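Participant: Sequence first, then the predicted structure, then my questions.
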Amino acid sequence: SCRVIKELKSSCHDAVMITGDSVLTAAEVARQVGIIGTKPKDTYELKKVVRGGSGGANEEEEGKVSFEFVPMDDDNDGDGSKTAAGTTTTGKQNRGIAYVPSNFNVLEEMTQKSEVALCVSGETLIEFAMEAVRRKRRKDATAASTTTAPPPLHVKTVFHELEARDALKSLVTIVSVFARHAPRQKEAVIAAFNDAGKFTLMCGDGTNDVGALKQAHVGISIVSVPDLEAKQRSAEEEIAKIKAEEKKERKAMKKKNKKTAKDGDAKSSSSSSIDKKRRKKARSLNLEKVVRQMQEAEEELSYVALGDASVASPFTSRAMSIKCCKDVLQQGRCTLVTMIQIYKILGVNCLVNALVLTKLHTHGVKQGDRQLTVVGMVVAAMFLFVTKGKPLSTLSPQRPPSTVLCKQVLLSITVQFVIHFVAIMAATNLSLSYVDPYDPSIIPDGAFNPNTLNTCTFLLTVMATINTFVVNYRGKPFTENLMDNKLMLRSVQVSYG
């Protein structure tokens, strides 16, 4: 998990944790896997604060409630006194950071620089949403000068209020850990990220994640079986241990071989070689046992029944790891880039073919059926080989274009067509000097009769088509390069040949 989170962050993706565990537990786990990179003293939790009161309902109605981020290692001794769960009355000055509009940019900058890490509990999230609705109602009541009591708020419906959603979409962008969250609160957090203009990918393994999985743009259900997880984890640790031993032994053997070469001790070299073979055989037997154990775990996992989370999410991962998030991003980027380059190739080829056919028809020349069949077969094969490009194993910080109708794609198609247009016009005008204008076989609707103009345009069309595939093949940083896509490379070489 730590390696996957690190790679997601390095590729400009934000990672947050939404869990039902306590805030302290969630913050510590998030610190271990790399979601937050601060020390415990720099980890803050959002708290509800009642200024100079006892934390009752009257203070809430009078607008004395505020929210601030309080250090999680702060026990409030000498700073304030706790009056209720998640509520603090302020007396002396404390080390908290008030969550007010004037502080939002500062908080955002501090979280981006990993100077602080911010957490929020589900109970505080409800209080935050309810207070946002209360403030709006008080403001409206003051403006209308009415004394009519507003309808009561309910924790089950407060997240549907427009004021609550507006307040949450600002808060969630700076929080890294959402702890003690019920299913309804998880769903509200994902909805807030969506309202903030983020594209969300959520992975979960339980029924309490169903609402959040459905709310996210991409939902991934992870099949979780603790016994099989432990078996697979122990097997992976054993494999890592065997690899470390091999690496350590190789280094030791290099040093020993250098020393033996200097001393010229052949007998010592022979005995060390025998010991090396014995250790290698023992490791190979141990490795076979571990691999067999992993295969058994995977086979057992294939028989595990899928739960509600798998029904709610479009993707289900049987691998017991969040690596599935990285896999979806890699495959998605590879698919997106491949489809964009296919549309670019189609666009350029359609324009080139339209230009060539128009030029030939103007002079009463046509292309042969065999020529068109050959070109069609080559194009179909190369389109198939383009889709064989595999995604790279690492995520790039660069994002691919999100649509075909973007400036980058349209400019590329335009420049390519202009180059082909100049080349085709120059070649056809040059070949026209070798065509007899009074040739009776030059009839637009007549039988095919090869001549210089026809042959020239056919060769140009074939070359332009192949060049279009080569030029528009994207490769790194999203898919493997043309040199690594052997089928595509061989087809291009054969076509040029």
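Facilitator: Looks like it arrived, so ask away.
Participant: Next, the buried residues of stretch 20-39.
Facilitator: Residues of stretch 20-39 classed as buried: 20, 23, 26-31, 33-36, 38 (neighbour count, 16 or more other Cβ atoms under 10 Å). Where you see a C-beta, it was placed from the backbone N, CA and C, and this is true even at glycine.
Participant: cool, stretch 133-152 as well?
Facilitator: Applying a neighbour-count criterion of 16+ other Cβ under 10 Å, one finds Val133, Arg134, Lys136, Arg137 buried in stretch 133-152.
Participant: Taking these together, which two end up most distant?
Facilitator: Arg134 and Lys136 (7.3 Å; Cβ to Cβ).
Participant: just to revisit the earlier point, kindly present the buried residues of stretch 20-39 as JSON lines, with separate columns for pLDDT and secondary structure.
Facilitator: Output for the buried residues of stretch 20-39, formatted as JSON lines (pLDDT from 0 to 100; DSSP: H, G, I helix; E, B strand; the rest coil):
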{"residue": "Gly20", "pLDDT": "90", "secondary structure": "coil"}
{"residue": "Val23", "pLDDT": "93", "secondary structure": "helix"}
{"residue": "Ala26", "pLDDT": "93", "secondary structure": "helix"}
{"residue": "Ala27", "pLDDT": "93", "secondary structure": "helix"}
{"residue": "Glu28", "pLDDT": "92", "secondary structure": "helix"}
{"residue": "Val29", "pLDDT": "92", "secondary structure": "helix"}
{"residue": "Ala30", "pLDDT": "93", "secondary structure": "helix"}
{"residue": "Arg31", "pLDDT": "92", "secondary structure": "helix"}
{"residue": "Val33", "pLDDT": "91", "secondary structure": "helix"}
{"residue": "Gly34", "pLDDT": "90", "secondary structure": "coil"}
{"residue": "Ile35", "pLDDT": "91", "secondary structure": "coil"}
{"residue": "Ile36", "pLDDT": "91", "secondary structure": "coil"}
{"residue": "Thr38", "pLDDT": "85", "secondary structure": "coil"}
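Participant: Please identify which of those residues is nearest to Ile242.
Facilitator: Val33 (24.9 Å).
Participant: The closest one contacts Lys9, doesn't it?
Facilitator: No: between Val33 and Lys9 there is no contact under Cβ atoms under 8 Å: 10.9 Å.
Participant: which residue is nearest the centroid of the protein?
Facilitator: Leu329 (3.8 Å; Cα atoms, centre = their mean).
Participant: So which other helices or strands are in contact with the helix or strand hosting that residue?
Facilitator: Assigned by DSSP states H and E, Leu329 belongs to helix 323-362. Identification of packing neighbours for helix 323-362 by 3 or more Cβ pairs under 8 Å, 6 or more residues apart in numbering; DSSP states H and E yields helix 2-10, strand 201-204, strand 218-222, strand 315-317, helix 369-386, helix 407-431, helix 452-472.
Participant: how about the nearest residue in space to the residue nearest to the centre of the chain that is not next to it in sequence, secondary structure?
Facilitator: Nearest non-adjacent residue to Leu329, counting by Cβ to Cβ, 6 or more residues apart in numbering: Leu395, 6.1 Å away. Secondary structure, DSSP: H, G, I helix; E, B strand; the rest coil: Leu395 is coil.
Participant: Direction included, what does the top strand by length along the chain pair up with?
Facilitator: Determined from DSSP state E, the single longest strand within the chain is strand 43-51. According to DSSP bridges, strand 43-51 has the following sheet partners: strand 65-71 (antiparallel), strand 87-90 (parallel), strand 117-121 (parallel).
Participant: would CSV of these with mean neighbour count and distance to Ala380 be doable?
Facilitator: Shown next, in CSV, are the strands paired with strand 43-51 (neighbours: other Cβ atoms under 10 Å; distance: least, Cβ to Cβ, whole Å):
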stretch, mean neighbour count, distance to Ala380
strand 65-71, 20, 60
strand 87-90, 20, 69
strand 117-121, 25, 54
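Participant: Make a markdown table out of those and add distance to Gly96.
Facilitator: Compiled in a markdown table, those are given as follows (distance: least, Cβ to Cβ, whole Å):
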| stretch | distance to Gly96 |
| --- | --- |
| strand 65-71 | 4 |
| strand 87-90 | 8 |
| strand 117-121 | 12 |
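Participant: rank those strands by mean pLDDT and give me the bottom one.
Facilitator: Looking over these, mean pLDDT reaches its minimum on strand 87-90, with a mean of 49.
Participant: Tell me the first helix or strand C-terminal of that one.
Facilitator: Using DSSP H and E, the first helix or strand after strand 87-90 is strand 97-98.
Participant: Sheet-wise, list the partners of that next one with their directions.
Facilitator: Strand 97-98 pairs in its sheet with strand 65-71 (antiparallel), by DSSP bridges.
Participant: Residues contacting the strand it pairs with, please?
Facilitator: Identification of contacts with strand 65-71 by Cβ atoms under 8 Å, 6 or more residues apart in numbering yields 41-51, 59, 76, 88, 94-100, 107, 116, 118, 124, 127-128, 131.
Participant: what about stretch 12-23, start to end distance?
Facilitator: 26 Å (Cα to Cα, to the nearest Å).
Participant: what does it contact?
Facilitator: 5, 8-9, 26, 29-30, 34-35, 45, 72, 119, 121, 172, 175-182, 186, 189-190, 198, 202, 208, 212, 329, 395, 397, 399.
Participant: cool, stretch 404-424 as well?
Facilitator: So stretch 404-424 is in contact with 339-340, 343-344, 347-348, 351-352, 355-356, 359, 401, 403, 457, 460, 464, 468, 471-472, going by Cβ under 8 Å, 6+ apart.
Participant: Pull out the buried residues from that stretch.
Facilitator: Neighbour-count burial for stretch 404-424 flags Val409, Ser412, Ile413, Gln416, Phe417, His420, Ile424 (criterion: 16+ other Cβ under 10 Å).
Participant: then that stretch to CSV, C-alphas only?
Facilitator: Extracted in CSV, the C-alpha atoms of stretch 404-424 (Å, rounded to 0.1, in the frame of the first residue of the first chain):
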residue,chain,number,x,y,z
VAL,A,404,-10.5,14.4,-29.0
LEU,A,405,-11.7,18.0,-29.5
CYS,A,406,-8.9,19.6,-27.6
LYS,A,407,-6.5,22.2,-29.0
GLN,A,408,-3.5,19.8,-29.0
VAL,A,409,-5.3,17.1,-31.1
LEU,A,410,-7.0,19.6,-33.6
LEU,A,411,-3.7,21.4,-34.1
SER,A,412,-1.9,18.1,-34.8
ILE,A,413,-4.4,17.0,-37.4
THR,A,414,-4.3,20.4,-39.1
VAL,A,415,-0.5,20.5,-39.3
GLN,A,416,-0.3,16.9,-40.6
PHE,A,417,-3.0,17.6,-43.3
VAL,A,418,-1.2,20.8,-44.5
ILE,A,419,2.0,18.8,-44.9
HIS,A,420,0.2,16.1,-46.8
PHE,A,421,-1.7,18.6,-48.9
VAL,A,422,1.5,20.4,-50.1
ALA,A,423,3.2,17.0,-50.9
ILE,A,424,0.2,15.6,-52.8
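Participant: Please point out which parts of the longest strand of the chain sit buried.
Facilitator: Buried residues in strand 43-51, counted by 16+ other Cβ under 10 Å: Thr43, Tyr44, Glu45, Leu46, Lys47, Lys48, Val49, Val50.
Participant: any idea which of those residues is closest to Leu482?
Facilitator: Of all the buried residues of strand 43-51, Leu482 sits closest to Thr43, with 47.5 Å by Cβ to Cβ.
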